[in-house]
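1. Quick one, what's the 3D model for this:
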Amino acid sequence: MDLFSAAFALLYQFGDAFAFLVLAACGLAIIFGMMGVINLAHGEFIMCGAYVTVAAARVGIPLPVAVVSGAVVSGLVGMLVERIVVRPLYRRPLDTIVATWGVSLIATQGTLILLGSTMAGIGTPFGSIDVGGYSYSVYRLVLIAAAIAVLVGLYLVFNATRFGIIARATIQVPHMAEALGVNTGRVYGITFGLGTALAGLAGGLYAPTMTLVPTMGSTFLMEAFVTVVVGGADVFLGTAPAAVVLGLVKALLTSWQGQLFGQIGLLVAVIIVIRILPKGFSGFFLRERA
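-> As a prediction, the model looks like this:
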């Protein structure tokens, strides 16, 4: 393999790992960072988005529209779960862990009973390109672009819109926002719905690349959690830098010794980072600003 091919392979693997970490973690980071809720049903919302996307695509709906429909359904289900299950537990954060874990068990077993142990996929679109004698999926490049677009979109939503200003005010000083007439319950519901919609978007985007099973959420959950832990509470100052660092570590070790070493290196990197930066990257950046 020549130098260009080796460099392209490394960049491709890094971009693929970065996209997976960002898309898997953004929804979880928003719910945890802005609401303080550890959503153990995050993987099941990803699964919901994937199943809806595939079901929509199989009846003839174009894939981009099917992906959006998966995100919308996950967001609506998330708002329902927030209203019924999570909202009564905001003052009991540890109980939200148990409650969302229960939701995840119900969703997994319910999907298994209703839809069976597996669901036929739709195949990866756009074909592949050849570089240096190796074949690379074009759709993976689309996923990289989607991850960057999600980060940019979230930045604009929370920094350039009225909802973003109200949401940040509600999260930072909820009693003051309520005194000024803000319906904080509605803001929490929409924010939780946005987080679960992003989870559904991740599932919809990755649905063409994997086998759909009721337990597929666990594939995303571990890496989403470690990205949020390393990133810290801020989705912009934390999730993106964490995805860059962890994606680079995973890509380097995967290209050197294979997928297993990439996963091991990812977990070792997490241990090292949280040992040095207990509050994650966002805690470090916020401290430097102060």
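
2. Which residues are in contact with Ala224?
-> Contacts for Ala224 were tallied using C-beta atoms under 8 Å, 6 or more residues apart in numbering; they are 21, 24-25, 28, 42-43. In short, each C-beta sits where N, CA and C put it, glycine included.

3. Phi, psi for it please.
-> phi -60, psi -40 (degrees, to the nearest 10).

4. which stretches of the chain have low pLDDT?
-> Scanning the chain for pLDDT under 70 picks out the ranges 1, 233-234, 285-290.

5. Helices - which of the contacts of Ala224 land there?
-> Those of these mapping onto helices are 21, 24-25, 28, 42-43, per DSSP state H.

6. from the residues you listed, which is closest to Leu63?
-> Lowest distance from Leu63 to the ones in helices among the contacts of Ala224 (C-beta to C-beta) belongs to Ala24, with 19.6 Å.

7. who's in contact with that closest one?
-> Ala24 makes contacts with 46, 202, 220-221, 223-224, 227, as judged by C-beta under 8 Å, 6+ apart.

8. List buried residues within the ones in helices among the contacts of Ala224.
-> Neighbour counting by 16 or more other C-beta atoms under 10 Å classes 21, 24-25, 28, 42-43 among those as buried.

9. closest to Ala66 among those?
-> Closest to Ala66, out of all of these and judged by C-beta to C-beta, is Ala24, at 19.3 Å.

10. gap between the closest one and Pro278?
-> 23 Å (C-beta to C-beta, to the nearest Å).

11. same deal with Leu94?
-> Computed with C-beta to C-beta, the distance linking Leu94 and Pro278 is 20 Å.

12. How about Leu194?
-> 28 Å.

13. how about the helices in the stretch 151-290 of the chain?
-> 162-172, 174-179, 184-206, 217-231, 240-257, 259-276, 280-289 (DSSP state H, counting those that start in this stretch).

14. Reformat the ones you listed as JSON lines; add distance to Pro62.
-> Listed next are those as JSON lines, based on distance: least, C-beta to C-beta, whole Å:
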{"stretch": "helix 162-172", "distance to Pro62": "28"}
{"stretch": "helix 174-179", "distance to Pro62": "40"}
{"stretch": "helix 184-206", "distance to Pro62": "12"}
{"stretch": "helix 217-231", "distance to Pro62": "24"}
{"stretch": "helix 240-257", "distance to Pro62": "29"}
{"stretch": "helix 259-276", "distance to Pro62": "32"}
{"stretch": "helix 280-289", "distance to Pro62": "37"}
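
15. Quick check: which of those helices is buried the most?
-> Among those, the stretch with the highest mean neighbour count (mean count of other C-beta atoms under 10 Å) is helix 184-206, at a mean of 25.

16. what helices or strands is that one leaning on?
-> When contacts are defined as 3 or more C-beta pairs under 8 Å, 6 or more residues apart in numbering; DSSP states H and E, helix 184-206 packs onto helix 3-35, helix 42-58, helix 63-81, helix 138-160, helix 162-172, helix 174-179, helix 217-231.
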